[in-house]
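Trainee: Have a look at this prediction, sequence included:
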Amino acid sequence: MALYSETVMDHFTHPRNVGVIEDADGVGQVGNAKCGDIMKIYLKIADDIITDVKFETFGCGSAIASSSMATQMIKGKPLAEAMALTNQAVAQALDGLPAHKLHCSVLAEEAIKAAVQDYYDRHGIAYDASQFPDCAHCHSHED
Amino acid sequence: MEVYVDNAATTKTSQTAIAAMLPYFDKIYANPSSLHTPGQNAKEALENARARIAACLGCTPREILFTSGGSEADNQAIRSVAHAGAKKGKKHIISTAFEHHAVLHTLKRLEQEGFQVTLLDVGSSGTVTAQQVAQAIRPDTCLVTVMYANNEIGSILPIEAIGRVCREAGIPFHTDAVQAVGHLPMDVEKDHIDLLSLSAHKFHGPRGVGALYVRRRMPLENLIDGGAQERGKRAGTENLPAIVGMAAALEEACANLDAATRVTALRDKLIAGLGQIPHSALNGDPVHRLPGNVSFCFEGIEGESLLLLLDAQGIYASSGSACTSGSLDPSHVLLAIGRPHEVAHGSLRLSLDWENTQADVDHILTVVPQVVSYLRSMSPVWRDLQTGKRNFIL
């Protein structure tokens, strides 16, 4: 189907890192079911390195592919690198997304950041709140 | 294995229609408006097609106007009757919440012109009653427009009863019958229909051609001004090959209405089989239903990913999710029958036709449950439903 690049289709039909980490150090969830996409990222972190990452996604093909690609891009990387991951980088790695699907890569970036923030919160690590997006718009459709 | 089950979107042009059309590209190609012999031969073919279509609907040839398709027919019917009503000071229109956008957006436009529109509630099974129509009628009602059958969820509406209410009240009645013509018996007299829209490619005819049935003495205004084609009501050189193809396809479809019994049997097998999937629900009226329509919602998954995975397995279907509708909201039809957004996103429509087989049904019944459980296995919504953090709706 010409809707998506081959890379998107590969990550959609063979998603990497699908699943749950029961004893995750940080969990981030963005989006809402009403809008049709939710992304949930689980992180396992040791010495500021993301040793494992899993995701669950409710959403369209590009949402699943974006989650898959984003988790692959941060696995084994320092937290700082995960925090620096942009939606453009995810979309580029997927060989592009249709314009109306770019928000899926935004969700992936935000889900990772939300998981890192959760890790900081859980472990009492101080951080600059301004580096985390205000996710209010993800919930704008919620009643 | 390839299974095309998107016949409500469009159908394969039948061999009968193709064969009927071919001579009109390079043999009988003159302009029907021309006075010379080839032109008059073309004119004869045009009028012959008109008569054959009229016969399938139970009207006279003079009451058939050729258009570019269902959308144009809907636009012209609704605007014509509404504007004629406005001249008499009547600016109220009754319709339903789950009409096709060709109707709803035309009504939206008329609202901007000062018309008032009542959209009847279609309830959880997706239909309206004649009583609802009767109760909505006001002294200033100038038009009732109610679809014959719904394109997404397959409900067939009580058109004859609604037509009778309108006739008794003296209000013009239009029906968008795009999904019904060629699939259900049609009789505009019996159903008291004043205007009816149809589209050829929904019954194995070619695309880009349709027709509007307009009862005698109904008002008709032009959407396209120009030459005197179609009694001056629709300018532009007639698309004769397509019109001839439409007539051939409609005759063939009407002669094969019996095939609906077989299609209905396949449909019911699919409905029974897919109904076995936990937390799923059939959309639309279970009884008064188009022969080929199967529409389901599956909780905890999203429709576009479902379609893509079905596509990978050779099943070509459609969905009413936001991602497939090209907007932020899922299908207005699913919302109109009360499906919440999160459930409407997980919808699947399979529309069968006489070419579908038992093997197709078996393939679908093997693949769809697998794909649904696979997507659920990676869905955080499904996890929340399973763990009780979120309540099941279906």
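Mentor: Alright, I've got the coordinates.
Trainee: for stretch B:258-265, which positions count as buried?
Mentor: B:260, B:263, B:264 (16 or more other CB atoms under 10 Å in any protein chain shown). All C-beta spots, glycine's among them, are computed from the backbone N, C-alpha and C.
Trainee: now the last one, nearest residue through space, not along the chain?
Mentor: Sequence neighbours aside, residue B:291 is the residue nearest to residue B:264 in space, at 4.6 Å (criterion: CB to CB, 6 or more residues apart in numbering or on different chains).
Trainee: try the first one
Mentor: Distance criterion CB to CB, 6+ apart; nearest residue to residue B:260, sequence neighbours excluded, is residue B:291 at 4.0 Å.
Trainee: Pretty sure that neighbour sits in a strand.
Mentor: No: read with DSSP: H, G, I helix; E, B strand; the rest coil, residue B:291 is coil and lies in no strand.
Trainee: ok now do residue B:227, which residues does it touch?
Mentor: Listed by CB atoms under 8 Å, 6 or more residues apart in numbering or on different chains, the contact set of residue B:227 reads B:33, B:235, B:236, B:237.
Trainee: The third one: neighbouring residues, count only.
Mentor: What it means is residue B:236. Neighbour count of residue B:236, defined by other CB atoms under 10 Å in any protein chain shown: 13.
Trainee: What's the separation between it and chain A?
Mentor: Counting by CB to the nearest CB, to the nearest Å, the separation of residue B:236 from chain A is 33 Å.
Trainee: Could you do the first one as well?
Mentor: In this structure, residue B:33 and chain A are separated by 41 Å, where distance is defined by CB to the nearest CB.
Trainee: Check whether that residue really touches residue B:229, as I assumed.
Mentor: Yes: between residue B:33 and residue B:229 a contact is recorded at 6.7 Å, counting by CB atoms under 8 Å.
Trainee: Of these two, give the one with the bigger neighbour count.
Mentor: Set residue B:33 next to residue B:229 and count neighbours by other CB under 10 Å: residue B:229 wins out with 19 against 14.
Trainee: returning to what we had before: which phi and psi values does the residue nearest to residue B:260 adopt?
Mentor: Here is the backbone geometry of residue B:291 (degrees, to the nearest 10): phi -60, psi -30.
Trainee: I'd assumed residue B:182 was in contact with it.
Mentor: No: in this structure, residue B:291 is not within contact of residue B:182 by CB under 8 Å, at 10.9 Å.
Trainee: got a list of what residue B:52 touches?
Mentor: By CB under 8 Å, 6+ apart, the contact set of residue B:52 is B:247, B:250, B:251.
Trainee: Distance from stretch B:158-171 to the middle of the chain?
Mentor: Put simply, stretch B:158-171 sits 20 Å off its chain's centre (CA atoms, centre = their mean, to the nearest Å).
Trainee: do the same with stretch A:120-133
Mentor: Put simply, stretch A:120-133 sits 17 Å off its chain's centre (CA atoms, centre = their mean).
Trainee: ok, residues contacting it?
Mentor: Residues external to stretch A:120-133 that are found in contact with it (CB under 8 Å, 6+ apart): A:25, A:26, A:83, A:110, A:113, A:114, A:116, A:117, A:119.
Trainee: Could you measure from the residue nearest to residue B:260 over to residue B:301?
Mentor: Applying CB to CB, to the nearest Å, the value for residue B:291 to residue B:301 is 27 Å.
Trainee: Neighbour count for these two, which is higher?
Mentor: residue B:301 (29 against 24).
Trainee: Tell me the residues of chain A that contact chain B?
Mentor: Contact residues (CB under 8 Å from any CB of the partner chain) of chain A with chain B: A:1, A:9, A:12-13, A:15, A:18-20, A:29, A:33-40, A:55-61, A:63-64, A:100-101, A:141.
Trainee: could I get the contacts of residue B:227 as TSV with pLDDT and secondary structure?
Mentor: As requested, the contacts of residue B:227 are exported to TSV (pLDDT from 0 to 100; DSSP: H, G, I helix; E, B strand; the rest coil):
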residue	pLDDT	secondary structure
B:33	97	coil
B:235	97	coil
B:236	97	coil
B:237	97	coil
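Trainee: what pLDDT does residue 17 get?
Mentor: I went with chain A, as the question did not name one. pLDDT for residue A:17: 98.
Trainee: wrong one, I was asking about chain B
Mentor: Listed pLDDT for residue B:17 reads 98.
Trainee: tell me the contacts of it?
Mentor: B:204, B:205, B:206, B:245, B:246, B:248, B:249, B:252.
Trainee: on that earlier part again, can I get the contacts of residue B:227 in JSON lines including distance to residue B:27?
Mentor: Putting those into JSON lines (distance: CB to CB, whole Å) gives the following:
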{"residue": "B:33", "distance to residue B:27": "18"}
{"residue": "B:235", "distance to residue B:27": "26"}
{"residue": "B:236", "distance to residue B:27": "22"}
{"residue": "B:237", "distance to residue B:27": "17"}
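Trainee: ok, back up a step: and which of the contacts of residue B:17 is nearest to residue B:366?
Mentor: Proximity of the contacts of residue B:17 to residue B:366 (CB to CB) peaks at residue B:204, which lies at 27.8 Å.
Trainee: Please report the number of neighbouring residues for the closest one.
Mentor: Residue B:204 has 28 neighbouring residues, counting by other CB under 10 Å.
Trainee: per-residue confidence for it?
Mentor: The model reports residue B:204 with a pLDDT of 98.
Trainee: Which residue is the nearest non-sequential neighbour of it?
Mentor: In space, and not counting its chain neighbours, residue B:204 is closest to residue B:14: 3.9 Å by CB to CB, 6+ apart.
Trainee: so that neighbour touches residue B:206, yeah?
Mentor: No: under the criterion of CB under 8 Å, residue B:14 is not in contact with residue B:206, lying 9.8 Å apart.
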